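Colleague: Based on what follows, work out the 3D shape:
(one chain, ligands or ions: 1)
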Amino acid sequence: MIERRTGSDQAFDSMASAAPLAAEAPARAPRVLLGISGGIAAYKSADLVRRLIERGAEVRVVMTEAARAFITPLTLQALSGHPVRSELLDPEAEAGMDHIALARWADQVVIAPATADLIARLTHGLANDLLTALVLATQAPLTLAPAMNQQMWAHPATQENIARLVARGVRLLGPASGSQACGEVGAGRMVEPVEIAAAMLPVSGGGLRGVQVLMTVGPTREAIDPVRFIGNRSSGKMGYALAAALQQRGAQVTVVAGPTSVAPALGLECVAVESALEMEAAVMGRVAECDLFIAAAAVADYRPEAPALAKIKKDADSIALRLVRNPDILARVAALDRPPFTVGFAAETDQVEAHARAKLKAKRLSMIAANQVGAGEGGFESDRNALVCLWCDGRRELPMMPKPALAAALAALIEERYGAQTAG
Ligand code: CTP
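Modeller: Numbering: from 1, shown residues only. From the prediction side, this is the model:
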């Protein structure tokens with residue numbers, strides 16, 4: 001896809017004379033307030049929460065009283081990671097984020113499903129529950145995904161209400177046509193969650209279309225004997241989320257993955273490996289075809305020199321395990337004559353930026369994404385993380401947010417830097 005530059009003409013040679021580092025405002029995850037009203041399609045709202053999060057959003061859910069008959073708040077709380085609210089007059093909830101703060105928090109409001117009753121109440125500006133009050137109180141754009149029986153949708157009352165809402169600037173997604181839960185056929189089905197999420201959070205540019213990405217993901221396992229290994233706590237969550245975010249930007253992604261319990265996104269080519277040596281072989285066999293290489297795996301730095309062929313018995317009082325260095329896969333790729341655009345990660349306990357910048361330079365990487373481990377929130381087993389991303393003459397902070405949102409922000413930055421390098 002790209003004409004590769006040779007190692008020597010990468011921008012590192014000019015690092016010493018680089019201009020002052022370009023600091024930019026931290027990006028944050030887009031905030032989506034999902035309203036759910038009481039129709040059978042509410043069961044699909046659980047999937048919608050997941051799809052919105054996959055696309056990088058922070059999601060908070062507000063349900064009408066009737067919606068609670070179709071799906072439990074607990075399900076939506078577990079998926080969104082935030083308490084779900086229904087009551088307008090709830091002193092406990094109002095003591096936290098009150099309804100006005102919630103209305104201001106949202107960048108976008110989507111109501112899915114939007115029932116005929118809810119649409120009627122919105123049309124008349126009622127504020128007799130939390131969801132309708134929020135719609136009046138927010139300045140965020142409102143999207144509705146109607147779902148109802150086809151007769152109810154076709155009724156002139158509903159059609160007039162919809163026309164008035166659309167005239168006010170409300171965006172309408174659907175309804176779709178097809179067979180309905182009530183057994184009838186016609187217009188009234190809620191649009192599929194994946195389509196709603198894509199319409200709410202379009203990926204701008206798709207600037208990685210046709211770009212071949214090779215990634216390492218997850219931990220490695222270094223055999224001690226046939227049943228034991230040295231491993232680490234990497235969950236692979238961040239790596240897989242990044243792979244999905246790059247796919248959404250049009251990239252063709254191949255993942256070389258150590259053992260994890262994460263289910264990869266559809267359409268991702270996965271090569272399963274266990275040890276660092278297997279990972280290295282899988283990467284080196286494929287690297288010539290890739291434009292962009294991302295080392296997101298937590299590769300063991302050392303492996304047992306001579307793994308036992310049979311299970312080690314506990315005969316001795318103590319045993320010594322001699323370890324030898326594993327190859328640095330990322331450094332090997334970056335040192336190729338015609339390296340791809342290379343992105344590495346760095347986990348640091350202190351002086352995060354200084355250590356990461358030293359690694360960026362020593363390994364001659366195009367970009368490095370560093371995070372602080374061992375203190376407070378974030379890191380290996382957490383669902384949230386923050387990164388500071390460095391390249392030869394710039395930096396950008398991606399603040400603490402859920403890993404899918406962080407992955408989406410990182411994918412956007414990788415696209416931007418890759419574009420800048422290939423254009424430059
Ligand atoms: N990496 C790799 N192969 C290895 C070790 C690390 O590809 N054998 C990659 C990781 O995927 C990650 C980056 O290199 O992108 C981490 O760099 P490294 O210098 O190994 O970081 P630390 O392990 O944190 O190094 P140190 O312990 O020296 O701080």
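
Colleague: At which residues are the helices of the stretch 251-400 of the chain located?
Modeller: 276-284, 329-334, 352-362 (DSSP state H, counting those that start in this stretch).

Colleague: Let's have the ones you listed in TSV, adding mean neighbour count, mean pLDDT and distance to residue 408.
Modeller: Placement of C-beta: from N, CA and C, glycine included. What follows is the helices of the stretch 251-400 of the chain, written out as TSV (neighbours: other C-beta atoms under 10 Å; pLDDT from 0 to 100; distance: least, C-beta to C-beta, whole Å):
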stretch	mean neighbour count	mean pLDDT	distance to residue 408
helix 276-284	20	98	25
helix 329-334	22	98	23
helix 352-362	17	96	21
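
Colleague: Of all the ones you listed, which one comes closest to the ligand?
Modeller: Smallest distance to the ligand across the helices of the stretch 251-400 of the chain (C-beta to the nearest ligand atom): 3.4 Å, for helix 329-334.

Colleague: Please enumerate residues in contact with that closest one?
Modeller: For helix 329-334, contacts defined as C-beta atoms under 8 Å, 6 or more residues apart in numbering pick out 7, 216, 276, 279-280, 283-284, 287, 293, 295, 297, 299, 339-340, 342, 344, 363-365.

Colleague: Give me the subset of those that also touch the ligand.
Modeller: Checking the contacts of helix 329-334 against the ligand by C-beta under 6 Å from any ligand atom, the ones in range are 216, 276, 295, 297, 299, 344.

Colleague: what's the farthest-apart pair in these?
Modeller: Spatial extent of these (C-beta to C-beta) is set by the pair 276 and 344 at 15.1 Å.

Colleague: Buried subset of the ones next to the ligand among the contacts of helix 329-334, written for ChimeraX?
Modeller: In ChimeraX, this line selects whichever of those come out buried by 16 or more other C-beta atoms under 10 Å:
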select :216,276,295,297,299,344
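
Colleague: Out of the ones next to the ligand among the contacts of helix 329-334, the closest to residue 306 would be?
Modeller: Once C-beta to C-beta is applied, the member of those that ends up nearest residue 306 is residue 276, at 15.6 Å.

Colleague: what's the burial count for residue 247?
Modeller: 19 (other C-beta atoms under 10 Å).

Colleague: ok, now residue 78?
Modeller: Neighbours of residue 78 (other C-beta under 10 Å): 12.

Colleague: Reduced to three states, what does it come out as?
Modeller: Assigned with DSSP: H, G, I helix; E, B strand; the rest coil, residue 78 falls in the helix class.

Colleague: if I look at the spatially closest residue to residue 279 that is not a sequence neighbour, how far off is residue 109?
Modeller: Distances taken as C-beta to C-beta, 6 or more residues apart in numbering place residue 273 nearest to residue 279, at 4.7 Å, with adjacent residues excluded. Distance, residue 273 to residue 109, by C-beta to C-beta, to the nearest Å: 44 Å.

Colleague: Quick one: residues contacting residue 168.
Modeller: By C-beta under 8 Å, 6+ apart, residue 168 has no neighbours at all.

Colleague: where does it land on pLDDT?
Modeller: Looking at residue 168, its pLDDT is 92.

Colleague: Make sure residue 133 is actually in contact with residue 88.
Modeller: Yes. Contact criterion C-beta atoms under 8 Å: residue 133 and residue 88 qualify, at 5.6 Å.

Colleague: Now the common contact residues for those two.
Modeller: With C-beta under 8 Å, 6+ apart, residue 133 and residue 88 have common neighbours 99, 127.

Colleague: Show me what residue 215 is bridged to.
Modeller: Beta-bridge pairing for residue 215 (DSSP bridges): residue 255, residue 294.

Colleague: Could you do the one 10 residues further on as well?
Modeller: With DSSP bridges applied, the residues forming beta bridges to residue 225 are residue 228.

Colleague: Can you give me the distance of it to the ligand?
Modeller: Plainly put, residue 225 is 22 Å away from the ligand if you go by C-beta to the nearest ligand atom, to the nearest Å.

Colleague: Enumerate the residues of the chain near the ligand.
Modeller: So far as C-beta under 6 Å from any ligand atom goes, the chain lies against the ligand at 216, 276, 295, 297, 299, 301, 326, 328-330, 344-347, 359.

Colleague: Which SSE is immediately downstream of the helix-or-strand element of the chain with minimal mean pLDDT?
Modeller: Counting by mean pLDDT, DSSP states H and E, the chain has its least confident helix or strand at helix 91-95, which shows a mean of 77. Per DSSP states H and E, helix 91-95 leads on to helix 99-105 as the next helix or strand towards the C-terminus.

Colleague: following that following helix, which helix or strand shows up next?
Modeller: With DSSP H and E, the next secondary element past helix 99-105 is strand 108-114.

Colleague: Which single residue of the stretch 101-250 of the chain ends up nearest the ligand?
Modeller: Residue nearest to the ligand within the stretch 101-250 of the chain: residue 216 (5.7 Å; C-beta to the nearest ligand atom).

Colleague: Pretty sure that residue sits against residue 287.
Modeller: No. At 10.8 Å, residue 216 does not count as touching residue 287 under the criterion of C-beta under 8 Å.

Colleague: quick one, longest helix in this protein?
Modeller: For the chain, the longest helix by residue count, based on DSSP state H, is helix 403-423.

Colleague: average pLDDT across that helix?
Modeller: In this model, helix 403-423 has a mean pLDDT of 91.

Colleague: Leaving aside the residues adjacent along the chain, what's closest to residue 248?
Modeller: Using C-beta to C-beta, 6+ apart and skipping the chain neighbours, the partner closest in space to residue 248 is residue 203 (4.7 Å).
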